[in-house]
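>>> Build me a model:
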Amino acid sequence: MMGRKKKNIAEIDPDSCMHCFECIDICPLNAINDDLAVDGSLCDGCGKCEENCPSVAIELVEIDTT
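This is a model prediction of the structure:
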């Protein structure tokens with residue numbers, strides 16, 4: 001029996017976000033749009049957005065891909 005496939009994607013807390021858009025500028029895959037929504041099909045969980053978020057509004061969360 002095969003295990004579930006999982007991956008990390010960025011999740012933005014809208015209550016903590018100060019809308020600086022640093023995450024949009026830093027994302028190498030353009031996975032974050034102007035509405036600060038993360039496209040899970042593009043996000044590879046590299047963590048650059050999380051590392052560079054000045055308001056600590058982004059965390060990587062594990063999701064099932066199956």
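>>> quick one, helices of the chain?
Ranges of helices in the chain, per DSSP state H, are 22-26, 48-52.
>>> helices and strands around the last one, which ones?
Of the remaining helices and strands, those touching helix 48-52 by 3 or more Cβ pairs under 8 Å, 6 or more residues apart in numbering; DSSP states H and E are helix 22-26, strand 58-64. Every residue, glycine included, has its C-beta placed from N, CA and C.
>>> Looking at the ones you listed, spot the one closest to Ser41.
strand 58-64 (11.2 Å; Cβ to Cβ).
>>> mind listing what Cys46 touches?
28-29 (Cβ atoms under 8 Å, 6 or more residues apart in numbering).
>>> pLDDT score assigned to it?
According to the prediction, Cys46 has pLDDT 97.
>>> Quick one: neighbours of Gly47, just the number.
13 (other Cβ atoms under 10 Å).
>>> Find the residue closest to it in space, skipping its chain neighbours.
Counting by Cβ to Cβ, 6 or more residues apart in numbering, Leu60 is the residue found nearest to Gly47 once chain neighbours are left out, at 5.8 Å.
>>> That neighbour contacts Lys6, doesn't it?
No. Between Leu60 and Lys6 there is no contact under Cβ atoms under 8 Å: 11.6 Å.
>>> Could you export the helices of the chain as CSV, including mean neighbour count and distance to Leu42?
Conversion of the helices of the chain to CSV gives the following (neighbours: other Cβ atoms under 10 Å; distance: least, Cβ to Cβ, whole Å):
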stretch, mean neighbour count, distance to Leu42
helix 22-26, 15, 12
helix 48-52, 17, 12
